[in-house]
Structure formats: C-alpha cells, structure tokens
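S.K.: Sequence first, predicted model second:
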Amino acid sequence: MWTLAVLAGAAAGPLYLAARRRRVARSLKRPGGIAEGRFVRIGGVEQWIQIRGNGSTNPILLYVAGSGMAMEPFTRTLAAWEEHFTVVVWDRRDVGRTLGRNGAAGSAEWTFDLLADDGIALVEYLRGHLGQDRVILLGHSQGSLVATRMVRRRPELFHAYVGVGQLADMARNEERTHRMALDRAHAAGNRKAVAALERTAPPFPDAKAWITKQRWSMATDPEARAWQRGAAATVLTWPGYGPGDIYRAATGALFLPPRLFEETMACTPERLGTDIDVPVILLHGADDLHTLPDLAEEYLAAVRAPAKAFVRLPGVGHLGPLSRPDLYLDALLARVPA
C-alpha cells in the first residue's frame, strides 16, 4: 500500500531525499510566470492554495480533488496544463496543509455544503486576485460532490464545469464496484483482499468499512497500483513538505468525517441536481473501476445545461488525470468552450 511506502521512505535516505527535493525545486521555477503558494482566510479558517501558470491571460482552472487528496506534490504531473490554464489546487478543510494548520476540531459537523461555501469564497478571491473572470471548475471523484454544489449555487462565477470520475449514484456504484473488486481478488488469489472485502459488503455501516473496501478495490486495480508506486516518491521529494505534511498526504484518504461519509453514500442524481446553468463536460476513464462510466453517463443524460458532453478516455481509469495528464489536457482543450 502506498501509505506504508511513503512512511517507510520518509525514514530512509535523508541526504538522498534532500538532493531530490532540491532538483524538484529547481524544476518548478517559472520565470515570468505565476508560482504562488499561501494560506488564505476562507470560511473563517486559513486554507492552503497553490496557483501556477505562465502569467498570461489564461483562464483559471480550479482542481477540486478527491477525498483527502493533497494535489500540491503532483504539480509537475500537471505542468503542461499550466501553459493553457492558471492551475489552482486547494487543500480543503479535510486535506493536507489546511488540516495541519487547523486540525480536525469540529469535523463531525463538516458537510459538502460547507466545503462548497468555502470553494465559492475561494473562487471570488481568485477572480479578484488574478483579474480573470473565466473560471473552469474541475471536480475529481469525491471532489465532484463539492464542485457540483459550487457550480449550481453560483453559476455566474464559472465558465464551465468539468467532472472527472464523476460520482452519480453511489448505492449502485458501490454494489457493483465491490463485486468487481471481489472478483479481481479471487482471480489474483489474494486471500487477504477476499477476506477483507467479504467482511465489508455494502451498504457500509460507517466510514471505516467503506475505506476498507476502497483500499482493497484500489489494491486490486492495476492502474492504481502502478500509480501508487510513483506517488510515494513524489510526495517524499516535494519541496517544503515536512514530516507532518508527508504523513497527512499518505493517510489523507483514511480521514473521512461522518457527515461527509453519509452524504457521499447518499449521492444520487437527484441530490446532485440536474439543472446546471453552465456547460458541463464529463471526462471519464473508460477503464474506471471505482466510479463507473455508465452511471456518470446516465447522470449527464438527465442534466439540463447550455451545452454538455460525455467523453470516455480509452486505456485509463479513475486516476487518469494523474496517470495520463496528456489525454485529459487534450480533452480539456478540445471540449471546454473558448
């Protein structure tokens, strides 16, 4: 598991890691461009954002990542996107540096509506700070639950909504993906995975049970396993990350406050909402084993929007933007309205 790989790596080779971090830092320089990382006060708490681009009049692309996912260490993965967009990544209340700064006090009351309120305030800040009104909102995986709320609530702030690994109908999704993961575990002869998955069949009673299912679903997914091997090194060699940041990046997916878990499991097309007053583009890995493409496509069929498109990207799964960022960039440039 990548959590163990990150934590083991953090304890080994400090001189090697320091040298790698210096090389990464040099590669991140953007002469004449935008390269900012800071805390901004949103919703009464300090929240971390990173802003990077080529310094032109490119539109803002705000990447709202999945549960517990700190995107900052994967900046180099999305470097080519910075030529076309001013890319913003955000550590929400439950993520990364923001969680480290503020702690988890009050997390039992956190909801997706609260996170969406934070996101709207962030977009208002970005529009003023960057002098740019074109904002593309990208919601990935569980981040799509935050992003759809944002764009439905304040459509005038957004140029387009892009869903990646869009959640749509979690009851059906979890029943099918659990069965698929169990089939993969049986086929691989992975008795540990089989036992764990058989103990945690949906409907899941709590976040711990669902996270167990997700862990073994990812562990039996070839794309996820390949990506995780490189992700550990990426986190360990990120400049400016201390031990606490590394720990939170490695274990972020294990932290899911109760109301966010309940609202995730309750997701349906009706709860997401089908009236969206901006163009909607869903980019979905054709081989996504965790948020099933046909359910996302069903959702989009019910959506009423000024324009909409569903794009299946061949040969990639749930982590496509991080495993094949080139494909997703091409799709963004082709599909997002000018």
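M.R.: Perfect, I can see it now.
S.K.: tally of neighbours for P258?
M.R.: Counted with other Cβ atoms under 10 Å, residues neighbouring P258 total 13. Every residue, glycine included, has its C-beta placed from N, CA and C.
S.K.: Which residues are in contact with it?
M.R.: 108, 206-207 (Cβ atoms under 8 Å, 6 or more residues apart in numbering).
S.K.: What average pLDDT does stretch 288-299 get?
M.R.: Per-residue pLDDT values across stretch 288-299 average out to 98.
S.K.: Just name the closest of the contacts of P258 to G119, please.
M.R.: Closest to G119 out of these is A108 (20.5 Å), distances taken as Cβ to Cβ.
S.K.: And the contacts of P258, which of them are buried?
M.R.: For these, a neighbour count by 16 or more other Cβ atoms under 10 Å gives the buried set as A207.
S.K.: Pull the contacting residues for the most centrally placed residue in the chain.
M.R.: The residue lying closest to the centre of the chain (Cα atoms, centre = their mean) is A65, at 2.0 Å. By Cβ under 8 Å, 6+ apart, the contact set of A65 is 71, 89-90, 95, 140-141, 143.
S.K.: Looking at those, which is nearest S323?
M.R.: Using Cβ to Cβ, the contacts of A65 come closest to S323 at H140, 12.4 Å.
S.K.: Report the beta-bridge partners for that closest one.
M.R.: Beta-bridge partners for H140, by DSSP bridges, are V164.
S.K.: residues near it, how many?
M.R.: By other Cβ under 10 Å, 26 other residues sit near H140.
S.K.: and if you look at R172?
M.R.: Per other Cβ under 10 Å, the neighbour tally for R172 reads 15.
S.K.: May I ask you to confirm that it belongs to a helix?
M.R.: Yes. Assessed with DSSP: H, G, I helix; E, B strand; the rest coil, R172 lies in a helix.
S.K.: contacting residues for it?
M.R.: R172 neighbours (Cβ under 8 Å, 6+ apart): L295.
S.K.: Go again with 10 Å.
M.R.: Shown in contact with R172 (Cβ atoms under 10 Å, 6 or more residues apart in numbering): 202, 268, 292, 294-295, 298.
S.K.: for P73, same thing?
M.R.: So P73 contacts 24, 89, 96, 231, 233-241, 245-246, 249 (Cβ under 10 Å, 6+ apart).
S.K.: mind checking the SS state of it?
M.R.: On the basis of three-state DSSP, P73 is classed as helix.
S.K.: now swap in Q132 and tell me
M.R.: Recorded secondary structure, Q132: coil (three-state DSSP).
S.K.: what about it, how many neighbours?
M.R.: Counted with other Cβ under 10 Å, the neighbours of Q132 add up to 17.
S.K.: what about G119, neighbour count?
M.R.: Neighbours of G119 (other Cβ under 10 Å): 29.
S.K.: and the gap between it and T220?
M.R.: The gap separating G119 from T220 is 33 Å, by Cβ to Cβ, to the nearest Å.
S.K.: ok, now R176?
M.R.: Separation of R176 from T220 (Cβ to Cβ) stands at 15 Å.
S.K.: Have a look at the two and say which one is more surrounded.
M.R.: T220 (23 against 16).
S.K.: Now do the SS call for R271.
M.R.: Three-state call for R271 (three-state DSSP): helix.
S.K.: show me the contacts for it.
M.R.: Contacts of R271 by Cβ under 10 Å, 6+ apart are 112, 145, 148, 168-170, 263.
S.K.: can you give me how far stretch 167-176 is from the chain middle?
M.R.: Mean C-alpha position of stretch 167-176 versus that of the full chain (Cα atoms, centre = their mean, to the nearest Å) differs by 18 Å.
S.K.: which stretches of the protein form strands?
M.R.: Using DSSP state E, the strands of the chain run over 34-42, 45-53, 60-64, 86-91, 135-140, 160-164, 280-285, 308-313.
S.K.: wait, which of those is closest to R127?
M.R.: Proximity to R127 (Cβ to Cβ) singles out strand 135-140 among the strands of the chain, at 6.6 Å.
S.K.: Direction-wise, compare that closest one with strand 60-64 and give the angle.
M.R.: 20 degrees (axes from the mean of the first three to the mean of the last three Cα atoms, to 10 degrees).
S.K.: Let me see the mean pLDDT of strand 135-140.
M.R.: Strand 135-140 carries an average pLDDT of 98.
S.K.: got the contact list for the residue lying closest to F255 once chain neighbours are set aside?
M.R.: Closest residue to F255 apart from its sequence neighbours, by Cβ to Cβ, 6 or more residues apart in numbering: G68 at 5.6 Å. Counting by Cβ under 10 Å, 6+ apart, G68 makes contact with 92, 94-96, 99, 142, 211, 248-256.
S.K.: repeat that with 8 Å
M.R.: 94-95, 251-256.
S.K.: Buried members of those residues into PyMOL, please.
M.R.: To isolate the buried members of the contacts of G68 in PyMOL, using 16+ other Cβ under 10 Å:
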select buried, resi 94+95+252+253+255+256
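S.K.: What is the nearest of the contacts of G68 to R152?
M.R.: Taking Cβ to Cβ as the measure, R152 lies nearest D94 of the contacts of G68, at 21.1 Å.
S.K.: shouldn't R101 be in contact with V40?
M.R.: No. Using Cβ atoms under 8 Å, R101 makes no contact with V40, being 11.4 Å away.
S.K.: who touches both of the two?
M.R.: Counting by Cβ under 8 Å, 6+ apart, the common neighbours of R101 and V40 are E46.
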